[in-house]
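Undergrad: Using only what follows, build the 3D model:
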Amino acid sequence: MRKNWAAAFQIAAVYVGTVVGAGFATGREIVEFFSRFGFFGFISILMSGYLLIMLGSKLMRIAAQINAVSYQELNVHLFGKIAGKGINIIMLIMLLGVSAVMLAGAGAVFEEQLGLSKSLGVFLTIFLSFIVMLVGTKGIFAVNSFVVPIMICFSLMLMTISIRQTDFLDKLLYIPYAVDGWKSVLAPFSYSALNLALAQAVLVPIANEIKDDWTIKWGGILGGAALTVILLSSHFTLIMLPNLEVYEIPMAIIMKQIAPFFYWIFVLVIYGEIFTSVIGNVFGLDRQVKQYIAVPTFVSISVIFLISYVISLVDYSMLLSNLYPLFGYISLTFFVLLWLKPFKANK
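TA: Got it, this is the predicted structure:
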């Protein structure tokens, strides 16, 4: 069997690009789930990394094996017909909510970092997403294959600078007091559950198009490993920032302080990552809508963006702090069933 590493890397890039959205790229999501818990957050990231590698790969391999066109079929396979339909409705609401968080994140980048109008950031993102969405999966592969390697390079650069600080080890081992410290125990599970449940909207149709089990397996492993590296490098960087919870886009604040000459490029990279997640979510939603109603892509995308835009009018930090942990706990059922579902690779 010919091993197609190029296709595996493309799948890995889409996996990373889908997960590394507004909350991840800005640093806000990593602060919420991990970095505010100090050393406990570091342990949680290692656990999350393992889960993202193993279960991301398993999710795609099952999807390809049962020939699932959208995440609807995968959820029916995991939950059964009746419960699966209920889960799909919840997933639809979650994907709309996260798409709104992404749009609000794009607006926050324009407002907090560029000093421009939030609405300009939101509408520009919608316009560019329309173009990529009408191209289809090739457009999604192209955008992710370009943005993801740049994001990894910046994460590693910031981590290298942070590690060289004299007080880095003290900051890494420090465990701050948190009223909701119990969440650090659930964090690796709720974080992985949230991201896998949402990523399936893109990963299922992508796995269905690739089909080759070896390629899908290694795409999931490489993607999960890259996510672990970005999570760790972002955490090592974020713990160096005092009062890290008060910023909407903490990663950009750090870049401005320690590597100002790269600041504007990094802001573009953050925006690029938000953009890859927007198109990933909308791609999955479009596939799901078409399972229920036969409508042209242009119409379904227009409705999805209209609803997401209305929700995105709420403050970005408020949306992320409330919706993401809630969606994480909801996704735990999906996570457990995916973990327990037996899988035998085709010979």
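Undergrad: how far away is G115 from M133?
TA: Taken as C-beta to C-beta, to the nearest Å, the spacing of G115 relative to M133 amounts to 29 Å. C-beta here means a position set from N, CA and C on the backbone, and glycine is covered the same way.
Undergrad: For those two, indicate the residue with more neighbours.
TA: For G115 versus M133, neighbours defined as other C-beta atoms under 10 Å are more numerous around M133 (21 against 7).
Undergrad: dump the residue contacts of the nearest residue to the more buried one once chain neighbours are set aside.
TA: With C-beta to C-beta, 6 or more residues apart in numbering as the measure, I301 is the residue that lies nearest to M133, at 5.4 Å, once sequence neighbours are left out. With C-beta atoms under 8 Å, 6 or more residues apart in numbering as the criterion, the residues that contact I301 are 129-130, 133, 282, 286.
Undergrad: from the residues you listed, which ones fall inside helices?
TA: With helices taken from DSSP state H, the overlap with the contacts of I301 comprises 129-130, 133, 282, 286.
Undergrad: Show me which residues of stretch 128-139 are buried.
TA: By neighbour count, with 16 or more other C-beta atoms under 10 Å as the criterion, the buried positions of stretch 128-139 are 128-130, 132-133, 139.
Undergrad: got the contact list for V135?
TA: Taking C-beta under 8 Å, 6+ apart, we find V135 in contact with A142.
Undergrad: cool, Y191 as well?
TA: When contacts are taken as C-beta under 8 Å, 6+ apart, Y191 is in contact with 33-34, 44, 48, 328.
Undergrad: can you tell me which of those are in helices?
TA: Members of those lying in helices (criterion: DSSP H): 33, 44, 48, 328.
Undergrad: All the helices of the stretch 1-150 of the chain, residue numbers only.
TA: Per DSSP state H, counting those that start in this stretch, the stretch 1-150 of the chain carries helices over the ranges 5-19, 22-26, 28-33, 39-65, 71-79, 81-108, 118-135, 137-163.
Undergrad: Of those, which is nearest F266?
TA: Evaluated with C-beta to C-beta, the helices of the stretch 1-150 of the chain place helix 137-163 nearest to F266, the distance being 5.7 Å.
Undergrad: Following the closest one in sequence, what is the next regular element?
TA: Stepping forward along the backbone from helix 137-163, the first helix or strand reached (DSSP states H and E) is helix 168-173.
Undergrad: and after that next one, which helix or strand comes next?
TA: Next in sequence after helix 168-173, counting helices and strands by DSSP H and E, comes helix 183-210.
Undergrad: what stretches of the stretch 101-250 of the chain score poorly on pLDDT?
TA: Low-confidence segments of the stretch 101-250 of the chain, defined by pLDDT under 70: 136-137.
Undergrad: Measure how buried E209 is and give me the count.
TA: For E209, the neighbour count with other C-beta under 10 Å is 12.
Undergrad: now for the ones in helices among the contacts of Y191, which pair is the farthest apart?
TA: The most distant members of these, if one measures by C-beta to C-beta, are S44 and G328, lying 12.3 Å apart.
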